[in-house]
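Q: Give me a model of this one.
(one chain, ligands or ions: 1)
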Amino acid sequence: MISIKGLRKQYVTKERQIIAVDDLDLDIKEGEIFGVIGYSGAGKSTFIRLINRLEEPSGGSVTIGDKDITRLKKNDLRIARQDIGMVFQHFNLLWSRTVAENIAFPLEIAGMSKTDRKQRVQELIDLVGLTGREDAYPSELSGGQKQRVGIARSLANKPKLLLCDEATSALDPETTTSILDLLVDINEKMGLTIILITHEMQVIRKICHRVAVMEEGKVVEMGDVLDVFLHPKQQITKKFVSQVMGNTEEEDAIPSMLQDNPEGKLIKLQFIGESANKALISQLAKQFAIDINIIQGKITNTKAGSYGTLFVQITGEDAEIDRAILYVQTKTSVELEVILNV
Ligand SMILES: Nc1ncnc2c1ncn2[C@@H]1O[C@H](COP(=O)(O)OP(=O)(O)OP(=O)(O)O)[C@@H](O)[C@H]1O
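A: Prediction:
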């Protein structure tokens, strides 16, 4: 639905030239929640603002449906933008307007009649859970409520695409969760495509279907969220995954946990779905003459399902351990890695 080709943005200042977005190619599917993650300065904000041309690209194209946004003249761009909502980190509300008036603002610009506007605003207020706060001013609202107004306003013209620029970065973890839940709800109810940028892997984990990792203006890794969590390739992606899964230093410390009983093999199992794994452990213990001691385990839930890592110590005759390992590798979908041979 959205096709981005060779997208580029170069800033030229007196002191320096910066390529903030460097030859980006991406296809985003209709109805998906697509996350872009990167550290500060990676080019995320520039990228998302190029999509609706809040920034003018230096090269490349952004095609939404059958419209090449980068080629539209001013008036056509204004019309095309009605199909693209945007949510901002710092809400960008009009402080002298009430909740209802903020949400009505884009409808006024689009020329909707007062009666229709009133009805649409009420629908939106109910949708984002602000019923009863219509006449409040932004200064009277919590951060989460302000963002709900921002989201309602972005949806006013029934866009097909929603761009979220660090929409939860100014919010505490609990409020972040409730706003992310709202985005998922909107995505599912309306089939709205969402592109979000963030520096938090938790945001990607909770709601995104696919993720792109950005570094120095380029996408360095991209894939289904579950795949990226299970098999991060680039160093930067591994770092982001460890934000959620815990530090790899913890893994380094695991061999020392075997100090009390240094024998057998230390194995890392990676699996999708918790129950499949539990069943596997008991099956292995029954089928092979081995003992399995669970050292450490972690389950993480993503939008696409749960996955986990389990560290186990297997003891017994070497040949029997090897048979059990071969069984897991050839007969199950669980991934197995021998971390340590004692
Ligand atoms: N208007 C501008 N003029 C000059 N350089 C800019 C401009 N906007 C962004 N840049 C530079 O482009 C690069 C990418 O910035 P961008 O804000 O897109 O990154 P980001 O990943 O969104 O980071 P952050 O989360 O800190 O905003 C940075 O080096 C930044 O200094």
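
Q: list the contacts for the most centrally placed residue in the chain?
A: Taking C-alpha atoms, centre = their mean, the centroid of the chain lies closest to residue 204, which sits 2.2 Å from it. Residue 204 makes contacts with 35, 37, 198, 211, 225, 240, as judged by C-beta atoms under 8 Å, 6 or more residues apart in numbering. The way it works is simple: take the backbone N, C-alpha and C, and place the C-beta from them, glycine included.

Q: same check, this time on residue 55
A: Contact analysis of residue 55 by C-beta under 8 Å, 6+ apart lists 9, 46, 49.

Q: Isn't the first one up against residue 48?
A: So the one you mean is residue 9. No. Counting by C-beta atoms under 8 Å, residue 9 does not reach residue 48; the two are 11.3 Å apart.

Q: follow-up on the earlier one: the contacts of residue 55: which ones sit near the ligand?
A: Contacts with the ligand within the contacts of residue 55, counted by C-beta under 6 Å from any ligand atom: residue 46.

Q: In TSV, list the contacts of residue 55 along with pLDDT, secondary structure and neighbour count.
A: Listed next are these as TSV, based on pLDDT from 0 to 100; DSSP: H, G, I helix; E, B strand; the rest coil; neighbours: other C-beta atoms under 10 Å:
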residue	pLDDT	secondary structure	neighbour count
9	98	strand	22
46	97	helix	22
49	97	helix	20
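
Q: Nearest to the ligand among the contacts of residue 55?
A: Of all the contacts of residue 55, residue 46 has the smallest distance to the ligand: 3.3 Å, by C-beta to the nearest ligand atom.

Q: Following element in sequence after the helix or strand containing residue 282, please.
A: Using DSSP states H and E, residue 282 falls within helix 274-287. The first helix or strand that comes after helix 274-287 along the chain, using DSSP H and E, is strand 290-302.

Q: do you know how far residue 25 is from residue 7?
A: The gap separating residue 25 from residue 7 is 8 Å, by C-beta to C-beta, to the nearest Å.

Q: Same drill for the two, tell me which one is more crowded.
A: residue 7 (23 against 12; other C-beta atoms under 10 Å).

Q: Could you tell me whether that one really is in a strand?
A: Yes. Membership of residue 7 in a strand is supported by DSSP: H, G, I helix; E, B strand; the rest coil.

Q: With adjacent residues omitted, what lies nearest to it?
A: Distances taken as C-beta to C-beta, 6 or more residues apart in numbering put residue 60 closest to residue 7, at 3.7 Å, once the chain neighbours are dropped.

Q: Just to check, the one you found is in contact with residue 26?
A: No. In this structure residue 60 lies outside contact range of residue 26 using C-beta under 8 Å: 10.6 Å.

Q: Quote the end-to-end distance of stretch 194-206.
A: By C-alpha to C-alpha, to the nearest Å, the extent of stretch 194-206 from end to end equals 14 Å.

Q: which residues in the stretch 151-300 of the chain form helices?
A: Along the stretch 151-300 of the chain, counting by DSSP state H, counting those that start in this stretch, helices occupy 173-190, 201-207, 225-230, 235-245, 248-257, 274-287.

Q: ok, and which of the ones you listed has the densest surroundings?
A: Stretch with highest mean neighbour count among these: helix 201-207 (a mean of 24; mean count of other C-beta atoms under 10 Å).

Q: quick one: that helix near the ligand?
A: No. For helix 201-207, no contact with the ligand is found by C-beta under 6 Å from any ligand atom; the gap never falls below 13.0 Å.

Q: what's around residue 164, how many residues?
A: Residue 164: 28 surrounding residues under other C-beta under 10 Å.

Q: Hmm, it is touching residue 187, no?
A: No. Between residue 164 and residue 187 there is no contact under C-beta under 8 Å: 10.9 Å.

Q: Now the common contact residues for the two.
A: With C-beta under 8 Å, 6+ apart, residue 164 and residue 187 have common neighbours residue 194.

Q: what stretches of this structure score poorly on pLDDT?
A: 245-260, 274-278 (pLDDT under 70).

Q: So it: which segments form each domain?
A: Recorded structural domains for the chain (assignment: automatic domain parsing) are 2-244, 250-341.

Q: Quick one: end-to-end length of the longest one, please.
A: Which is domain 2-244. End-to-end distance for domain 2-244, by C-alpha to C-alpha: 29 Å.
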